[in-house]
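Asker: Provide a 3D model corresponding to the input given below.
(one chain, ligands or ions: 2)
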Amino acid sequence: MMLREVADGVHRLEHAYVNVYVVEQEGRLLVVDTGLPATWRVLGEALRRLGHRPSDVAAAVLTHAHFDHTGSAAMVRSRLGVPIWLHEEDFTIAADPYRYAHENARAIYPLRYPRSLRGLASMTAAGALSVRGVEGLRPLRPGVELLVPGRPQVVFTPGHTFGHCALHLAERDVLITGDALVTLDPYTGRRGPQIIAGAATADSAQALASLERLVPCDSGSTVLLPGHGEPWSGGVAAAVERARAVGAH
Ligand SMILES: [Zn+2]
Ligand SMILES: [Zn+2]
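Answerer: Ligands and ions are numbered 1, 2, ... in the order given. Prediction:
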């Protein structure tokens, strides 16, 4: 695992090529996305390193319900007993993690993009094939400021999944983009700002159109924190432009 403070009180925990973000506010924590099943143990270790206890976690938010972001959500819910927010459109995927819409057959990607193999193998080793469903989630409301540590504004960015949301932490100058805009696509191994391949994206045209909604969050120095890959500090508009240039794939 890799743990690093990427903005004021915002920590990036990278495990098996998936990012989890821990946001601190006055000793209380928000966990954004929960990684894979094996990430649960890693998250505990990360909290210890940050000088926190599991009981400091006040809430969790899921940007969307894909298995690589909800893998530890059932544990977070049952062991920490904290509320978890997710857009309602993704509730059915959360309950049944392997039934999600995607445009292209997944099996062709490792053959076409051999660079993706390491990441996919690492995700599998972290339990990608044994994610439990999670229910009892709270509906994430777009346009609303959520009263959890970091006070994120919910930015609806459908396309990757139909309920995908980004989180804008204006006070920290941070935009958590989840899988709406990533800097590493685990399905192709390609780096740089882009939407995720059709192997895991429900509607690429909609995903590309949703990028427009990220642009107003840009203060000029906003750090973009994706679901996969490194943080991007080259500006939200520039990241969006690059992602559009890459396009659907
Ligand atoms: Zn995803
Ligand atoms: Zn993902």
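Asker: count of neighbours near Thr39?
Answerer: In terms of burial, Thr39 registers 27 neighbours under the definition other C-beta atoms under 10 Å. C-beta: built from backbone N, CA, C; applies to glycine.
Asker: do I have it right that Leu47 meets Asp56?
Answerer: Yes - with contacts counted by C-beta atoms under 8 Å, Leu47 reaches Asp56, the gap being 7.1 Å.
Asker: which parts of this structure sit against ligand 2?
Answerer: With C-beta under 5 Å from the ion as the criterion, the chain meets ligand 2 at residues Asp68, Asp179, Gly227.
Asker: just the ones of those in strands?
Answerer: Judged by DSSP state E, strands contain none of those.
Asker: off-centre distance for the helix or strand of the chain with the lowest mean pLDDT?
Answerer: For the chain, scoring each helix and strand by mean pLDDT, DSSP states H and E identifies helix 109-112 as the least confident one, at a mean of 75. Average the C-alpha atoms of helix 109-112, do the same for its chain, and the two points are 23 Å apart (C-alpha atoms, centre = their mean, to the nearest Å).
Asker: stretch 165-180 too?
Answerer: 10 Å.
Asker: next one: stretch 62-73
Answerer: Computed by C-alpha atoms, centre = their mean, the separation of stretch 62-73 from the middle of its chain amounts to 8 Å.
Asker: do it and ligand 1 meet?
Answerer: Yes - for stretch 62-73, a contact with ligand 1 is found by C-beta under 5 Å from the ion, at His66.
Asker: average pLDDT for that stretch, rounded please.
Answerer: Per-residue pLDDT values over stretch 62-73 give a mean of 97.
Asker: now do the end-to-end distance for it.
Answerer: Between the opening and closing residues of stretch 62-73 lies a distance of 9 Å (C-alpha to C-alpha, to the nearest Å).
Asker: how about stretch 73-89?
Answerer: For stretch 73-89, the first and last residues are 17 Å from each other (C-alpha to C-alpha).
Asker: get me the contact residues on this structure for ligand 1.
Answerer: Counting by C-beta under 5 Å from the ion, the residues of the chain close to ligand 1 are His66, Asp179.
Asker: quick check: phi and psi at Cys165.
Answerer: Dihedral pair for Cys165: phi -130, psi 140, per degrees, to the nearest 10.
Asker: nope, Gly71 is what I meant
Answerer: Gly71 adopts backbone torsions of phi -60, psi -30, taken as degrees, to the nearest 10.
Asker: could you do Thr70 as well?
Answerer: In this entry, Thr70 is assigned phi and psi values of phi -110, psi 10 (degrees, to the nearest 10).
Asker: isn't it right next to Phe91, touching?
Answerer: No - the criterion here is C-beta under 8 Å, and Thr70 misses it with Phe91 at 11.0 Å.
Asker: shaky segments in the protein?
Answerer: Flagging of the chain using pLDDT under 70 yields the residue ranges 107.
Asker: at 90 instead, please
Answerer: Low-confidence segments of the chain, defined by pLDDT under 90: 1, 98-121, 187, 198-199, 249.
Asker: mind listing the helices for it?
Answerer: If DSSP state H is used as the criterion, the helices of the chain fall at 39-49, 67-70, 73-75, 91-95, 109-112, 117-125, 204-210, 236-246.
Asker: list the beta-bridge partners for Glu145.
Answerer: Beta-bridge partners for Glu145, by DSSP bridges, are Gln153.
Asker: so for the least confident helix or strand of the chain, what gets flagged as buried?
Answerer: Of the residues in helix 109-112, Tyr109, Pro110 count as buried by neighbour count, 16 or more other C-beta atoms under 10 Å.
Asker: same check on stretch 155-174?
Answerer: Of all the residues in stretch 155-174, those buried under the rule 16+ other C-beta under 10 Å are 155-169, 172-174.
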